[in-house]
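Asker: With the sequence up front, the predicted model follows.
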Amino acid sequence: MLILWLKALHIIFMVAWFAGIFYFPRLLVYHAASTEKTVQAQLKIMERRLLFFVTPFAILTAIFGIALIFQYGAEWFKVSGWLHAKLTLVMLLYLYHGYCFKLLADFKQDKNTRSDKFYRWFNEFPVILLFIIVILAVVKPF
């Protein structure tokens, strides 16, 4: 029963984290495309609030995911190749999340040098990773 609660909480916080990690780069698209100072000022507030709001969800996703691994045990972990692949991709997502803080600082200081097109592509990266991660977790191909 504990494992089911841990899974549920892991999924809930993952969904909440991804909602923010999908929306944050979209704000950067609008910010990079905008030339109006009032719009840029409003976007700075929205970007900061959103990133700081979803960061605890990223942390809780990790906490409940690690708790699940401990509940299943070391032997299960050793033979779960799909999980090793998933964890590698999840680490990329945490690096992505961390990089979002750098982008937040760049925009805050009006030091962005990238176009809205760059941020449109940047926005697709977590979507692709999510597809692969969910497939790994559900199908468990190896």
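Answerer: The structure has been received and is ready for your questions.

Asker: what about Ala41, which helix or strand?
Answerer: Using DSSP states H and E, Ala41 sits in helix 37-72.

Asker: And that helix, how far out from the chain middle?
Answerer: 7 Å (C-alpha atoms, centre = their mean, to the nearest Å).

Asker: Could you pull out the buried residues of stretch 7-22?
Answerer: Using 16 or more other C-beta atoms under 10 Å as the test for burial, stretch 7-22 gives 7, 9-10, 13-14, 16-18, 20-21. Yep, even glycine has a C-beta here, placed from its N, CA and C like the rest.

Asker: Keep only those of those that are in helices.
Answerer: Under the assignment DSSP state H, the buried residues of stretch 7-22 contribute 7, 9-10, 13-14, 16-18, 20-21 to helices.

Asker: Nearest residue to the residue most central in space within the chain in space, please, no chain neighbours.
Answerer: Central residue of the chain (C-alpha atoms, centre = their mean): Ile21, 4.6 Å from the mean position. Computed as C-beta to C-beta, 6 or more residues apart in numbering, the closest residue to Ile21 that is not its neighbour in sequence is Pro126, at 5.0 Å.
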